[in-house]
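**Q** Just a sequence and a predicted model for now, questions to come.
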Amino acid sequence: MSLLEVRDVTRRFGGLTAVDAVSFDVHEGMIKAIIGPNGAGKTTLFNVLTSFDRPEEGTVRYDGVDITSWRAHHIVRRGIARTFQNTELFEEMSALENVMAGAHAVTRSGFLAAALRLPWTVREQREVAEESGRLLRLVGLGEWADAPAADMPHGLRRLLEIARALATKPRLLLLDEPAAGLNIAETSALAEALYRIRDRGSTIVVVEHDMGLVMEVSDEIVVLDRGCKIAEGPPRLIQKDPAVIAAYLGEEEADEL
Ligand SMILES: Nc1ncnc2c1ncn2[C@@H]1O[C@H](COP(=O)(O)OP(=O)(O)O)[C@@H](O)[C@H]1O
Ligand SMILES: [Mg+2]
């Protein structure tokens, strides 16, 4: 089944068409990647998919419902979660508390009531803490539960952000450049975490510049270049697609100038 249907999405900034009539489907249970050189329109498309931005044209349907003009907090309640390209954590709070804060975005008692320790929230608090601990272990951060977020290395902070997004129990998880700034060991820990998240039942859309990660984890890839979809398919076909190779080579040449 198609969980997300993206149809002819166009987003312009003045005279620039950042995303140009892009269409694709994301089927339930898969890891789908959106890749492309810098400036291809990945983040712009990501913001449209997560209701942080509106397209001039086109529609985004989630689970059969048109969510194109929904507000971001509504889609969270419908089971869509996202991370940001720049990590945003509660620095003073422990890793576990950061994940718990994510869960309170959707639990009945809410974050304020939890902070005030109202008696009727105690049981819910305990359940949230247990589930948050499970999520930390899922992304490989079991050892870091009590560490303040501020003390964690960059790569682990990105995993923590993913655990926090999972606390809303998303059916669909969208990640914007999760491998940015990660070393090789951290990137492979991330890949492991993505498999476990998918196997646990979430569908994943990952926007990523790093080809290595994408080729390893994705079931299917959409390639953008200058706002347009230039290819779509499984990694082994994308890897040898002449249009994709040309787009990335063009980027290297531009870097050398
Ligand atoms: N808010 C904005 N205002 C004007 N131009 C923007 C804005 N956001 C992105 N762009 C432009 O849209 C194009 C695509 O950007 P972006 O989606 O960030 O690409 P990517 O994430 O693939 O690097 C770029 O040319 C960028 O400069
Ligand atoms: Mg980007």
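**A** Yes, it's here. Ligands and ions are numbered 1, 2, ... in the order given.

**Q** Once you drop chain neighbours, what's closest to P235?
**A** M215 (4.7 Å; CB to CB, 6 or more residues apart in numbering). (C-beta placed from N, C-alpha, C; glycine too.)

**Q** Please enumerate the strands of the protein.
**A** In order along the chain, the chain carries the following strands (DSSP state E): 2-13, 16-27, 31-35, 57-62, 65-66, 80-82, 172-176, 203-207, 220-225, 228-233.

**Q** any chance of those strands in CSV, with distance to ligand 2 and mean neighbour count too?
**A** Shown next, in CSV, are these (distance: least, CB to the ion, whole Å; neighbours: other CB atoms under 10 Å):
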stretch, distance to ligand 2, mean neighbour count
strand 2-13, 13, 18
strand 16-27, 10, 19
strand 31-35, 10, 25
strand 57-62, 18, 18
strand 65-66, 25, 12
strand 80-82, 13, 25
strand 172-176, 7, 23
strand 203-207, 7, 25
strand 220-225, 10, 24
strand 228-233, 16, 18
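
**Q** List, one by one, the residues from this protein near ligand 1.
**A** Contact residues (CB under 6 Å from any ligand atom) of the chain with ligand 1: 13, 16, 18, 36, 38-44.

**Q** same thing but 5 Å
**A** 13, 18, 38-44 (CB under 5 Å from any ligand atom).

**Q** Just the buried ones from the residues you listed, in PyMOL syntax?
**A** Typed into PyMOL, the line below selects the buried ones among the residues of the chain next to ligand 1, using 16 or more other CB atoms under 10 Å:
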select buried, resi 18+39+40+41+42+43+44
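
**Q** mind putting the residues of the chain next to ligand 1 in JSON lines, pLDDT included?
**A** Formatted as JSON lines, the residues of the chain next to ligand 1 follow (pLDDT from 0 to 100):
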{"residue": "F13", "pLDDT": "97"}
{"residue": "A18", "pLDDT": "98"}
{"residue": "N38", "pLDDT": "90"}
{"residue": "G39", "pLDDT": "93"}
{"residue": "A40", "pLDDT": "95"}
{"residue": "G41", "pLDDT": "96"}
{"residue": "K42", "pLDDT": "95"}
{"residue": "T43", "pLDDT": "93"}
{"residue": "T44", "pLDDT": "96"}
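
**Q** Which ones among the residues of the chain next to ligand 1 map onto helices?
**A** 42-44 (DSSP state H).

**Q** So what does the residue of the stretch 101-250 of the chain found nearest ligand 2 have for phi and psi?
**A** Closest approach of the stretch 101-250 of the chain to ligand 2 (CB to the ion) occurs at E177, with a separation of 6.1 Å. The phi/psi pair for E177 (degrees, to the nearest 10) reads phi 50, psi 60.

**Q** returning to what we had before: least reliable of the strands of the chain by average pLDDT, please.
**A** Across the strands of the chain, the stretch with the lowest average pLDDT is strand 80-82; it has a mean of 90.

**Q** what's the spacing between that strand and its chain's center?
**A** Chain-centre distance of strand 80-82: 7 Å, with CA atoms, centre = their mean, to the nearest Å.

**Q** Cool, thanks, signing off.
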